[in-house]
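S.K.: fold the following, please.
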Amino acid sequence: MLHPSYTDLMKVVNKDVEEGETKVVNSRYSIVMATAKRAREIIDGNMPLVAVKNGEKPLSVAIAELNQAKIKVVGEEEDKQSVTEEAVLS
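M.R.: Here you go, the predicted structure:
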């Protein structure tokens, strides 16, 4: 079994959606597409936003980033579904 589960990831992505609004992610497919896109970005040279263990695969890193809310899924109403980095202010 995958950890975190799809439902856990969907809760993380949709946590900022107010009651009555359309959820950003409604299906497993959306989670898979978002994490796959982020994994391709990591493969292409983007730096991971979480600590990476030796030998950890890009998809595992992308799932960890999504689970820790380091990336956000942008809904279809904002052009198309994609993954973007959140600005972190120190």
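S.K.: helices along the chain, start to end?
M.R.: Assignment of helices within the chain using DSSP state H yields the ranges 6-13, 28-43, 58-67.
S.K.: can you list those in a markdown table and add mean neighbour count, distance to Glu21 and mean pLDDT?
M.R.: In this view, the C-beta of every residue, glycine as well, is placed from N, C-alpha and C. Formatted as a markdown table, these follow (neighbours: other C-beta atoms under 10 Å; distance: least, C-beta to C-beta, whole Å; pLDDT from 0 to 100):
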| stretch | mean neighbour count | distance to Glu21 | mean pLDDT |
| --- | --- | --- | --- |
| helix 6-13 | 17 | 13 | 85 |
| helix 28-43 | 18 | 16 | 91 |
| helix 58-67 | 20 | 20 | 93 |
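S.K.: so who does Val12 touch?
M.R.: Applying C-beta atoms under 8 Å, 6 or more residues apart in numbering to Val12 gives the contacts Pro4, Leu66, Asn67, Ala69.
S.K.: and the residues you listed as JSON lines, adding distance to Met33?
M.R.: As requested, those are exported to JSON lines (distance: C-beta to C-beta, whole Å):
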{"residue": "Pro4", "distance to Met33": "17"}
{"residue": "Leu66", "distance to Met33": "12"}
{"residue": "Asn67", "distance to Met33": "16"}
{"residue": "Ala69", "distance to Met33": "18"}
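S.K.: which residue sits farthest out from the middle of this structure?
M.R.: Distance from the C-alpha centroid of the chain peaks at Gly20, with 22.5 Å (C-alpha atoms, centre = their mean).
S.K.: and it, what are its phi and psi?
M.R.: Phi and psi for Gly20, reported as degrees, to the nearest 10, are phi 100, psi -20.
S.K.: and it, how far from Asp44?
M.R.: Using C-beta to C-beta, to the nearest Å, one gets 38 Å for the distance from Gly20 to Asp44.
S.K.: same check on Asn67?
M.R.: With C-beta to C-beta as the criterion, Asn67 and Asp44 are 21 Å apart.
S.K.: hang on, isn't Pro48 packed against Ala39?
M.R.: No: using C-beta atoms under 8 Å, Pro48 is not in contact with Ala39, being 10.3 Å away.
S.K.: done for today, thanks.
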